[in-house]
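Participant: Here's a sequence, model it:
(chains A and B)
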Amino acid sequence: MWMPEMPAFAPFFIGALIALFTQGKVRQAILLITPVLSGLHLLTVPVGTMLSFDFMGFQLEVFEVDKLSLLFGYIFHIAAFICMLFALHVKDTLQQISGLLYAGSAVGAVFAGDLITLFVFWELLAVTSVFLIWATRTERSYLAGLRYLIIQVLSGVVLLVGIIFYAHEHNTIDFAKIGLSDTASWLIFIAFGVKCAFPMLHNWVTDAYPEATPTGTVFLSAFTTKVAVYALARAYPGTELLVYIGVTMACFPIFFAVIENDLRRVLSYSMINQIGFMVVGIGIGTTLAINGAVSHAFNDILFKGLLFMSMGAVLHMTGKIDGSRLGGLYKSMPKTAILCMVGAASISAFPLFSGFVSKSMVMTAAINNGYGWAWLLLLFSAAGVFHHAGIKIPYFAFFAHDSGIRTTEPPKNMLLAMTISAVLCIAIGVYPQALYSLLPYDTGYNPYDATHVLTQTQLLFFSALAFVWLNLKKMYPPELPSVNLDIDWLYRRLFPAILTPFFNTFWAVDRAIRKSFMRGLNGMLGMISRHEPDGILSRTQLSGSMVIWVSILLAVFLILSFW
Amino acid sequence: MAKQEQDKQYLFDNPKNVKRLLYIVYAICLILVLLEFVINRHVYHSWESIFAFYPIYGFVGCVVLVFVAKWMRIFLMRDEDYYDKLEKKQHPAPTKKESADIVSDEAEQAQGGNNVDA
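Facilitator: Residues are numbered from 1 along each chain as shown, chains lettered A, B, ... in the order given. As a prediction, the model looks like this:
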């Protein structure tokens, strides 16, 4: 069993199957042990391992290991374990099984050595994860899940078409650097872009993630988008277009995050913002930039997971997640509040927290490679991150005005999962060399020089000062129960508003036409069937007319024979 | 017990403690600006050579961010049930089994067919 060629996704799928047929404590144990055993196995797998076989004339590489995929493999195992621990109290077969399958699909996708295998796991990611949204079992989540599934499957279909074109043109399905050149590469790029939440294609994140179960969102935040980041890093490093896309992604969501009321939706916007940093890194494409992008993905899974967990805990305990309905929870959930603030400090990239050691690589790479404008905008969004994720999330949930809600700390397994994440966030911040040793390239980068520490601390503290000043002057926008329009307005409001009347008229006209045609046809049939003297069938015909018709037919036949 | 909970004084119930926290933030901000005189930071971008560039950029950036976001509310903000009103009318409740959906679809189709035959 312990052969290195065993694909890393296999234990997850086997574990899910066993979990399906067990119950209670045994199932809980299986859910927890699966990622641990699989992770221990992965530690023994050396770089360069490959499992491949022929399939319809193509070389399928189901399991191919290099430093890049291994890094994502490790973090997905850590994330799977933390998510499982966080969701341990949940007694819902649907969520338990789909959670494990979802994590397995993500692991499968990052070790896919060819495009067909990638496509299979790409679609599995969509199909397995949607149940985490539907598991909320409300009307909202049902519809949000449907929209999520449509968009995700569409991304897979675009990917498949791209792969078919690509295989046709290049005679290979090897998943390596593709680069933007022909139609096939653009299609694959767009498919990755959908899952990566490119601007305009981003709305599924902020639409669906906040509708999932308190524990389901934590799963969702870890895998899908990071698989897309991995895929981009492998196939499109150094594509300049990604710098522009990434900067846009880093900047525009922070405005939405400031005015959003649902705190999990705030985190979803902030997730797009963080992915923006990664996409910029991939677009720059130097060794330092790629290192920055993938290490930031690694850290983001931990600190964004921690933030989603703390909000999940709040939702689990209070049943509320809107900033306008929360506040003062530090009184009854002090531990959760502190853990949330560790996540907030990490995402804001405070020195000694994990965000600091990875985000700065992308920033440094941007300025070293002549993207001064991008650097300025990233700096702005780095300040904005602190504003909306670093301060807003803990402030409105745990402090602000006292909402009068009195509850208790969440179940122990939730606290433990959050503590593990928090410890990892601080450990990586304090000792970044451990993370750096796993990165694909050795760049000798050191985040802790005086300039960097000072400037980053200045930036963050003056962002905090801006928050304090705006709040004291009563200029900070209050949390209001509301919905903010985003791109989804197009397909949830505008298109239905235009298309519903259009199709109503279309079908009405269609019905009228078919009705009148049927009336005419019925009338004709009636006339034919009538055998009264004026009926068609009872009319007397001259036999001479038949002779004329025969001669006409023969003449036509004769003329045609000349051709 | 609930009453005891209500009566208990927490850290930030006392306005003095909030004031203290704010003074700490102000003090740190002041120290960080003063450190500019001590630490000779590297300059990579021309804007960085401005004195206290990072504090100014962070503060102004966040104020602009909040004002623009506030302005965006004018045309982006809607009622909480903006989408729900429309979507709940159009779609059957999820509590119904899927088979129920199919039946209703078929019923609709059958109706359409009837119209044609009429």
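
Participant: where in chain A is pLDDT low?
Facilitator: For chain A, the stretches with pLDDT under 70 are A:1-2, A:530-539.

Participant: Contact partners for residue A:350?
Facilitator: Shown in contact with residue A:350 (Cβ atoms under 8 Å, 6 or more residues apart in numbering or on different chains): A:356, A:429, A:456, A:457, A:460. Yep, even glycine has a C-beta here, placed from its N, CA and C like the rest.

Participant: Check the secondary structure at it for me.
Facilitator: State at residue A:350, reduced to three classes by DSSP: H, G, I helix; E, B strand; the rest coil: coil.

Participant: can you tell me how far it sits from chain B?
Facilitator: 12 Å (Cβ to the nearest Cβ, to the nearest Å).

Participant: ok, now residue A:137?
Facilitator: If you go by Cβ to the nearest Cβ, the gap between residue A:137 and chain B works out to 7 Å.

Participant: check which helix or strand covers that residue.
Facilitator: Using DSSP states H and E, no element contains residue A:137; it sits outside every helix and strand.

Participant: and it, how many neighbours?
Facilitator: Neighbours of residue A:137 under the rule other Cβ atoms under 10 Å in any protein chain shown: 12.

Participant: And it, its phi and psi?
Facilitator: Note on residue A:137: its backbone torsions stand at phi 60, psi 40 [degrees, to the nearest 10].

Participant: hang on, the earlier thing: so which of the contacts of residue A:350 are also by chain B?
Facilitator: Here is what survives when the contacts of residue A:350 are matched to chain B using Cβ under 8 Å from any Cβ of the partner chain: A:456, A:457, A:460.

Participant: where along chain B do the helices fall?
Facilitator: Using DSSP state H, the helices assigned to chain B run over residues B:2-7, B:15-38, B:53-76, B:82-90, B:98-117.

Participant: hang on, I meant the stretch 401-550 of chain A
Facilitator: A:412-430, A:433-436, A:450-472, A:488-489, A:495-529, A:543-561 (DSSP state H, counting those that start in this stretch).

Participant: I'd like those as CSV, with mean neighbour count appended.
Facilitator: CSV is the format used below for these (neighbours: other Cβ atoms under 10 Å in any protein chain shown):
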stretch, mean neighbour count
helix A:412-430, 20
helix A:433-436, 15
helix A:450-472, 20
helix A:488-489, 18
helix A:495-529, 11
helix A:543-561, 9
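
Participant: Ok, which of the ones you listed comes nearest residue B:88?
Facilitator: For these, the distance to residue B:88 is smallest for helix A:495-529, at 13.1 Å, taking Cβ to Cβ.

Participant: roughly how far is the closest one from the heart of the chain?
Facilitator: The chain centroid and the centroid of helix A:495-529 are separated by 44 Å, computed with Cα atoms, centre = their mean, to the nearest Å.

Participant: how's chain B carved up into domains?
Facilitator: Annotated domains of chain B cover B:9-40, B:49-93 [automatic domain parsing].

Participant: What's the mean pLDDT across the last one?
Facilitator: Pointing back at domain B:49-93 there. Domain B:49-93 carries an average pLDDT of 86.

Participant: Kindly report the same for the shortest one.
Facilitator: Taken as a whole, domain B:9-40 has an average pLDDT of 89.

Participant: Same question for it: list its buried residues.
Facilitator: B:12, B:29, B:32, B:33, B:36 (16 or more other Cβ atoms under 10 Å in any protein chain shown).

Participant: The first one and chain A: what is the separation?
Facilitator: In other words, residue B:12. 7 Å.

Participant: which residues touch that residue?
Facilitator: Residue B:12 makes contacts with A:330, A:399, B:18, B:21, as judged by Cβ under 8 Å, 6+ apart.

Participant: now do residue A:371
Facilitator: Counting by Cβ under 8 Å, 6+ apart, residue A:371 touches A:243, A:280, A:284.

Participant: thought the last one was touching residue A:364?
Facilitator: No. No contact is recorded between residue A:284 and residue A:364 when judged using Cβ atoms under 8 Å, the distance being 10.2 Å.

Participant: out of those two, which sits in the busier spot?
Facilitator: Using other Cβ under 10 Å, the more surrounded residue of residue A:284 and residue A:364 is residue A:284, with 27 against 19.

Participant: ok so, going back, can you put the contacts of residue A:350 in TSV and add distance to residue A:371?
Facilitator: As requested, the contacts of residue A:350 are exported to TSV (distance: Cβ to Cβ, whole Å):
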residue	distance to residue A:371
A:356	21
A:429	26
A:456	19
A:457	24
A:460	22
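
Participant: gap between stretch A:16-28 and the chain center?
Facilitator: 28 Å.

Participant: Likewise for stretch A:480-499?
Facilitator: Using Cα atoms, centre = their mean, the offset of stretch A:480-499 from its chain centre is 20 Å.

Participant: And for it, what's in contact with it?
Facilitator: Applying Cβ under 8 Å, 6+ apart, the contact partners of stretch A:480-499 are A:147, A:200, A:202-203, A:206-207, A:256, A:259-261, A:322, A:324-325, B:72-73, B:75-83, B:86-87, B:90.

Participant: Just the buried residues out of those, in ChimeraX syntax.
Facilitator: Entered in ChimeraX, the line below selects the buried ones among these, by 16+ other Cβ under 10 Å:
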select /A:147,202,203,206,207,256,259,260,261,322,324 /B:72,76,77,82,83,87
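
Participant: can you list the residues of the stretch 151-300 of chain A near chain B?
Facilitator: A:254, A:255, A:256, A:258, A:259.

Participant: hmm, try it at 6 Å
Facilitator: A:255, A:258, A:259 (Cβ under 6 Å from any Cβ of the partner chain).
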